[in-house]
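>>> below are the sequence and a predicted model; questions follow.
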Amino acid sequence: MEYVNNNDITVDLLVINKKSAVSNLNYSQICYVLKYFKYREVISTDIESNRHNIAKIKEFAKSIPSLGSEPVSLIGGEYRSLIFWFIAGQYKKRKLFILDDGTATLRLNRRTRSFKHFIRDKIYNLLGCVDNFVEPINFISVYPIADKISLNDSVVTHQYNYFRHLTNSFSNEENTIYIIGVPLLEAGVITGDDIALTLSLIADLESKYKNDCKNLVYIPHRRERKDKIDIIGRKVNVKYLEYPFELLPLVSGNNVKHIAGFYSSLFDNMVSIYAEQLVVDSYYVPSAVVTPDWIDFVKNVYNNYEKYDSQTFKLNNL
């Protein structure tokens with residue numbers, strides 16, 4: 001949306017992977033965004049993008065209309081999507097752009113790869129998939145990833161100029177704190193009780209802003225389980241969105257002024273849009289409950305947050 005509108009581009013072909021195995025909300029949220037930019041044709045599929053579905057992915061990629069030797073720009077929304085890289089393999093004269101894949105962007109490593117991954121990538125390449133490790137990529141990101149990409153890549157900082165222009169005339173929603181949900185247990189980030197952890201976060205916000213008459217609204221992540229949301233709903237208002245949270249100002253006509261939660265890629269996006277006009281209360285996930293495989297990732301997320309102005313981007317302990 002931001003890239004094509006800033007550059008006055010009409011997307012010739014939009015390929016959507018519904019990924020309903022991850023969440024049934026994926027497709028509806030993507031479709032909601034379509035009204036905000038111009039496109040000519042949409043093709044959708046619903047294939048879990050992993051090695052077990054290589055045959056299906058390859059067959060689907062071959063069904064995508066070919067432009068022969070004509071140069072083409074390909075914009076991918078997920079760096080690790082096998083579907084995108086098989087589709088890219090259909091075009092010989094290609095220029096590749098990759099958008100942020102949430103906080104997963106911080107896990108990029110385009111400087112080294114293991115022998116196991118080298119062999120895997122070469123096998124995929126023989127089947128028609130682009131070897132994305134050696135392919136030059138233009139990244140558009142809100143994250144400081146210059147030291148994570150290869151010397152053949154480039155990175156452009158995502159400024160959200162188009163989006164910011166749209167919000168200039170909106171009124172401000174001063175009295176609501178939106179608590180952004182995160183699937184800590186569902187994604188395997190922590191062990192133990194994420195419900196108690198989330199309720200502790202809510203209690204701290206209530207205590208901190210008890211004199212400010214703040215209305216707390218919980219925005220569930222599409223992967224959070226129902227029993228958790230039901231319990232949280234007994235404490236604060238819960239609001240399910242049919243669209244990505246970043247679009248809430250466009251839908252409501254009100255600028256968001258305060259968000260909170262453990263971590264989320266939308267923290268970075270919203271700060272890029274609103275800068276010092278936005279207050280963020282981010283809470284550290286206690287290190288004692290983080291699973292070993294996720295320790296480095298969680299550390300990188302909070303290290304990234306430390307670059308922001310501490311007056312408006314507040315890092316809190318529970």
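Cool, the structure landed. Residues are numbered from 1 along each chain as shown.
>>> so where does the closest residue to residue 133 other than its chain neighbours fall, helix or strand?
Spatial nearest neighbour of residue 133, chain neighbours left out: residue 113 (5.5 Å); criterion: Cβ to Cβ, 6 or more residues apart in numbering. Where you see a C-beta, it was placed from the backbone N, CA and C, and this is true even at glycine. Per DSSP states H and E: residue 113 is located in neither a helix nor a strand.
>>> and for residue 113, the neighbour number?
Other residues lying near residue 113 total 13 when counted by other Cβ atoms under 10 Å.
>>> thought it was touching residue 132?
No. Using Cβ atoms under 8 Å, residue 113 and residue 132 do not qualify as a contacting pair, with a distance of 10.3 Å.
>>> what do those two both touch?
residue 121 (Cβ atoms under 8 Å, 6 or more residues apart in numbering).
>>> just checking, residue 156 touches residue 143?
No. Applying Cβ under 8 Å, one finds residue 156 not in contact with residue 143, separated by 11.8 Å.
>>> ok, the two, which is more surrounded?
Residue environment comparison for residue 156 versus residue 143 gives the larger neighbour count to residue 143, 21 against 11, counting by other Cβ under 10 Å.
>>> where does the stretch 51-200 of the chain dip in pLDDT?
67-68 (pLDDT under 70).
>>> now do the helices in it.
Assigned by DSSP state H, counting those that start in this stretch, the stretch 51-200 of the chain shows helices spanning 54-63, 82-88, 115-126, 161-167, 194-208.
>>> contacts for the third one, please.
Think helix 115-126. Contact partners of helix 115-126, identified using Cβ under 8 Å, 6+ apart, comprise 51, 54, 82, 85, 113, 129, 131, 132, 133.
>>> show me the contacts for the fourth one.
With contacts defined as Cβ under 8 Å, 6+ apart, residue 85 is in contact with 124, 129, 130, 132.
>>> and the residues you listed, which two are the farthest apart?
Within the contacts of residue 85, 124 and 132 form the most distant pair, 9.3 Å apart (Cβ to Cβ).
>>> could the helices of the stretch 51-200 of the chain go into TSV alongside distance to residue 225?
What follows is those, written out as TSV (distance: least, Cβ to Cβ, whole Å):
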stretch	distance to residue 225
helix 54-63	28
helix 82-88	27
helix 115-126	32
helix 161-167	31
helix 194-208	9
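>>> most packed of those helices?
Mean neighbour count (mean count of other Cβ atoms under 10 Å) peaks for helix 82-88 among the helices of the stretch 51-200 of the chain, with a mean of 23.
>>> how many other residues sit next to residue 181?
By the criterion of other Cβ under 10 Å, residue 181 has 21 neighbours.
>>> residues touching it, list them.
In this structure, residue 181 makes contact with 198, 218, 219, 220, 221, 224, 229, 261, judged by Cβ under 8 Å, 6+ apart.
>>> okay, domains of this structure per the record?
Taking automatic domain parsing as the domain assignment, the record places the domains of the chain at 2-158, 169-316.
>>> for the first one, the distance to its chain's centre please.
Put plainly, it is domain 2-158. The chain centroid and the centroid of domain 2-158 are separated by 14 Å under Cα atoms, centre = their mean, to the nearest Å.
>>> now do the end-to-end distance for it.
The first and final residues of domain 2-158 sit 9 Å from each other (Cα to Cα, to the nearest Å).
>>> just the contacts of helix 115-126 now: which is nearest residue 294?
Here the nearest of the contacts of helix 115-126 to residue 294, counting by Cβ to Cβ, is residue 113; it sits at 20.6 Å.
>>> where's that closest one relative to residue 306, distance?
Residue 113 sits 28 Å away from residue 306, going by Cβ to Cβ, to the nearest Å.
>>> do residue 287 as well
Look at residue 287 and residue 306: by Cβ to Cβ, they are 16 Å apart.
>>> show me where this protein has strands.
11-17, 39-45, 72-76, 94-99, 138-141, 154-157, 171-173, 176-180, 215-219, 237-238, 254-256, 258-261, 279-283, 313-316 (DSSP state E).
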